[in-house]
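Visitor: I'll drop the sequence and a predicted model, then ask my questions.
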Amino acid sequence: MRIAILSNGNGNYSTKRLVEEAKKRGHEVRVIKYRDCYASIERNNPTVSYRGEDLSGYDAIIPRIASYMTRYGSAIVRQLEMQGVYTVSSSIAITRSRDKLRSLQLLAKAGVGIPKTVVSRNSTDIDSLIEKIGGTPVVIKLARGTHGNGVVLAESKKAAKSVLQAFYLTNEDGTNILLQEYIEESAGMDIRALVVGGRVVASMKRQSLDDDFRSNLHKGGEGTVVKLTEEETKMAVKAAKAMGLNVAGVDMMRSERGPLILEVNASPGFGIEKVTGRDVASKIIEYVELNAKRGSKKDKVGA
């Protein structure tokens, strides 16, 4: 098979692992820097060009789209979809999962457990907003933040109001701001489950090494192997399905009322391989082998 990996470059660990496993299994694989691609849009002739060459003849693409390039990266994926190229992650699934508000709405609709969340553009009604989610402390998030950026813990109503006012003042692109309940029993710890084709193939616990309530590895958190409960496994698979993602990193917290999904990542890193010893890259290539020749599947998830 001819496989294209849409990535920021060969140096990325996840990209290197995918290339390594694809070649090992006898496939022709090429890394395409999607930021250097451009799309030509005309009737019945969707083309994508890369450094002066029209891309064609690929059996499948594996998008590895960075969050800050979501709009452009997903547009390139969409153009390749229009050519009939199979994609592991559809353009609409990528864009919906990157918007925290949109994804939480879809997860709630699908019956997935999530922290209580409210969204508002009015910082003067802070008392009733906080009451809706059970009081302070409260987590305040930008809907398009990533790696723990744009996430603040407000210990009091006064602090929450100050943070909201600051976010509104500097929020030039109109990104939605979410207020979310603070899960005390899971502070500084979460679980990443990596789902491929409706199955959890690896899971790890991430723990902050200081007093930070965020546990992201990008923030210095430490990963260790964890065994998921049956409920956690089912919830991770259900969350990935709600987003329409065949490959997803599902982040969840353990709470007194069961697992709560925080986020579903469309381009999860493969640091989980180093923590767990599980071969995630080969599972993704196997999934491509099983599904690419069946043709692109119509995205059935709305919104």
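Guide: Looks like it came in fine. Residues are numbered from 1 along each chain as shown.
Visitor: hey, where'd the helices end up in the stretch 151-300 of the chain?
Guide: Along the stretch 151-300 of the chain, counting by DSSP state H, counting those that start in this stretch, helices occupy 157-170, 230-243, 271-276, 280-291.
Visitor: Just the buried positions in stretch 167-187, please.
Guide: Residues of stretch 167-187 classed as buried: 167, 175-183, 186-187 (neighbour count, 16 or more other Cβ atoms under 10 Å). C-beta coordinates here come from the backbone N, C-alpha and C atoms, glycine included.
Visitor: Pull up the distance across that stretch, start to finish.
Guide: With Cα to Cα, to the nearest Å as the measure, stretch 167-187 spans 23 Å from end to end.
Visitor: and what of stretch 26-46?
Guide: Length of stretch 26-46, first residue to last, Cα to Cα: 29 Å.
Visitor: so when I look at Arg96, I'm seeing a strand, right?
Guide: No - according to DSSP: H, G, I helix; E, B strand; the rest coil, the state of Arg96 is helix, so it is not within a strand.
Visitor: Hmm, it is touching Leu104, no?
Guide: No - if you go by Cβ atoms under 8 Å, Arg96 and Leu104 don't touch, sitting 10.7 Å apart.
Visitor: Might you list the low-confidence residue ranges for the chain?
Guide: Within the chain, the stretches with pLDDT under 70 are 122-124, 144-149, 171-175, 210-221, 295-303.
Visitor: coming back round to it: okay, and which of the buried residues of stretch 167-187 map to strands?
Guide: Secondary structure assignment (DSSP state E) places 177-181 from the buried residues of stretch 167-187 within strands.
Visitor: So which of these is the closest to Ala236?
Guide: Distances from Ala236 to those, taken as Cβ to Cβ, are shortest for Gln180 (19.3 Å).
Visitor: Give me the distance from stretch 112-125 to the chain's centre.
Guide: Centroid separation between stretch 112-125 and its chain, computed with Cα atoms, centre = their mean, to the nearest Å, is 20 Å.
Visitor: Distance across it, terminal residue to terminal residue?
Guide: Counting by Cα to Cα, the terminal residues of stretch 112-125 are separated by 28 Å.
Visitor: Enumerate the beta-bridge partners assigned to the most centrally placed residue in the chain.
Guide: With distances taken as Cα atoms, centre = their mean, the residue of the chain nearest its centroid is Asn265 (1.3 Å). Asn265 has these beta-bridge partners by DSSP bridges: Gly249.
Visitor: looking at it, it is touching Asp251, isn't it?
Guide: Yes - using Cβ under 8 Å, Asn265 makes contact with Asp251 at a distance of 7.0 Å.
Visitor: mind putting the buried residues of stretch 167-187 in a markdown table, distance to Leu228 included?
Guide: Shown next, in a markdown table, are these (distance: Cβ to Cβ, whole Å):
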| residue | distance to Leu228 |
| --- | --- |
| Phe167 | 34 |
| Thr175 | 32 |
| Asn176 | 30 |
| Ile177 | 31 |
| Leu178 | 26 |
| Leu179 | 28 |
| Gln180 | 23 |
| Glu181 | 23 |
| Tyr182 | 23 |
| Ile183 | 17 |
| Ser186 | 15 |
| Ala187 | 20 |
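Visitor: quick one: which of these is nearest Glu256?
Guide: Closest to Glu256, out of all of the buried residues of stretch 167-187 and judged by Cβ to Cβ, is Ile183, at 8.5 Å.
Visitor: Now the closest one, what are its backbone angles?
Guide: Dihedral angles of Ile183 (phi, psi; degrees, to the nearest 10) stand at phi -90, psi 100.
Visitor: Equivalent analysis for Ser89, please.
Guide: Residue torsions, per degrees, to the nearest 10, at Ser89 are phi -120, psi 120.
Visitor: swap in the one 4 residues further on?
Guide: Backbone torsions for Ala93, taken as degrees, to the nearest 10, come to phi -70, psi -40.
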